Every structure is written in structure tokens, then in C-alpha cells.
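**Q** this one's sequence-less:
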């Protein structure tokens, strides 16, 4: 789950079926249900009907944790200092070396971990530019780009337009986080 709306929809659907959510965070849920009436097949059906799935493989669970950590850090963290070093944050949160995290990610996903991070940084930059609260320099710093030029070049590479042109357009052309690649 990548947002509060997703969590709300899943919680409501679960409740309709007698499944009670004890806690729900980005990518995980603790639930309570009558195992005589409900099984993993029913839970999986509810999730897939809403565009999610039940994850049980250890490596796939780790991949989902990696994705959730990156999304949490880039899109939801207001602590600029934690945004600075994404690799350090991931290492600490996952308790694995960056090399192992990266290899595991590439093994299960169509893109590299680095590209996944960049795509999310670009989406967050779109949001920050659209909000007009920060300068390009501040956005570059917050998203861990070495300069405005680095931000602009990367932005153009992945979107086809410059940050300046994006700002002039005035439209928030964001992609859903689960459809970035």
C-alpha cells in the first residue's frame, strides 16, 4: 500500500468480510479474523480486487520493505536530513549492506534500485515544484541532487522536459507511485 487512501479502502473491504485491521503501515498490515471462516485465499482475493497482493516469500517481502522504505523516505518524510543519504537510511532500516539490497532488488524487479530511487525523486520533485514553496536549489538539496543543473538534467532525462518548463506549465503531471515503471 502506498498511501492512506489505499489503507482505508483495504480496511473497509476487510471489515465487510469480518477481517479486522489491528494496524496498517506502508506495505504491511496486522489483521484479526476467524480462521474457520476466512483463509489466505479470501484475503488474497480481497487484496487483488483492489490492486494488491498477499506476499509470503521472504525475498519478495524484503523487496516490498525496500520499496516502502524508499517511498516513506522520499514522499512522506519531512526530515530533510534523512532525505540526504538514502543509501545510509536503507542500510540502517533493512539491516543489510547496500550491495545486497541492490542485488536483491534487481533480481526481483524490472529496474535497478538506483533507477527506482531516481523515479521516486523525480515524482517528489514534481510535487515540490508544483507546490511552489521551495526554490530549485532547495528542492535539489532536499532530493539529494548535487546542484540545480544535476536536478534539471536528471529531470529532463526522465520526463523529457526541464524543471523550469515543468514549473511554467503549471500542471501537476504526476504518475501513480505504483506505476512509475
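**A** The structure has been received and is ready for your questions. Quick caveat: nothing in here was measured; it's all calculated off a predicted structure. Numbers count the residues shown, from 1 in each chain.
**Q** looking at the chain, which residue ends up farthest from its center?
**A** residue 36 (34.7 Å; CA atoms, centre = their mean).
**Q** what are the ranges of the helices in this protein?
**A** For the chain, the helices defined by DSSP state H occupy 4-16, 40-49, 58-71, 80-84, 86-94, 98-108, 113-131, 136-142, 148-159, 163-169.
**Q** what's the least confident stretch among those?
**A** Note on the helices of the chain: helix 80-84 shows the lowest mean pLDDT, a mean of 48.
**Q** Neighbours of the closest residue to residue 98 other than its chain neighbours, how many?
**A** Spatially, and ignoring its direct neighbours in sequence, residue 98 is nearest to residue 87 (4.9 Å; CB to CB, 6 or more residues apart in numbering). From N, CA and C alone the C-beta is placed, and that goes for glycine too. For residue 87, the neighbour count with other CB atoms under 10 Å is 15.
**Q** Was I right to think residue 162 contacts residue 155?
**A** Yes. Counting by CB atoms under 8 Å, residue 162 touches residue 155, with 6.6 Å between them.
**Q** who has more neighbours, these two?
**A** residue 155 (27 against 14).
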